[in-house]
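Trainee: structure, please.
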Amino acid sequence: MRAENLNAEFLSSLYRNICRSLFEKDKNIFSFLLAMKLNQMNNDADFDEFKFLLTGGVSLGDPKEEKPAEWMSMNSWAELLRACDMPNFKGY
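Mentor: Next comes the predicted model:
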């Protein structure tokens with residue numbers, strides 16, 4: 001119990017002190033990367049999903065399905081279709 005409390009306090013202190021030196025626009029990126037690293041350490045994160053979230057995946061040409069709305073770009077539609085192919089995003 002004490003080790004868990006120390007670990008939680010250390011992590012909180014680390015986050016606060018690093019965020020002090022970051023620009024506001026960079027705090028979200030740091031938070032995302034820290035959360036992904038903690039999930040990886042607990043074996044809760046999938047590396048393929050992490051890579052997809054960072055890069056958007058690799059385009060293999062035009063999507064086979066027609067985009068559902070005019071306001072959506074073809075690139076966004078293609079990325080959404082690639083995300084739906086990932087196991088944890090199926091059915092959404």
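Trainee: can you count the residues close to Lys73?
Mentor: Small correction: residue 73 is Ser, not Lys. 9 (other CB atoms under 10 Å). Yep, even glycine has a C-beta here, placed from its N, CA and C like the rest.
Trainee: next one: phi and psi at it?
Mentor: phi -70, psi 160 (degrees, to the nearest 10).
Trainee: state the distance from it to Leu6.
Mentor: According to CB to CB, to the nearest Å, Ser73 stands 47 Å off from Leu6.
Trainee: check which helix or strand covers the spatially most central residue of the chain.
Mentor: In the chain, the C-alpha nearest the mean C-alpha coordinate belongs to Leu53, at 4.6 Å (CA atoms, centre = their mean). Assigned by DSSP states H and E, Leu53 belongs to helix 47-55.
Trainee: tell me the mean pLDDT for that helix?
Mentor: For helix 47-55, the mean pLDDT works out to 82.
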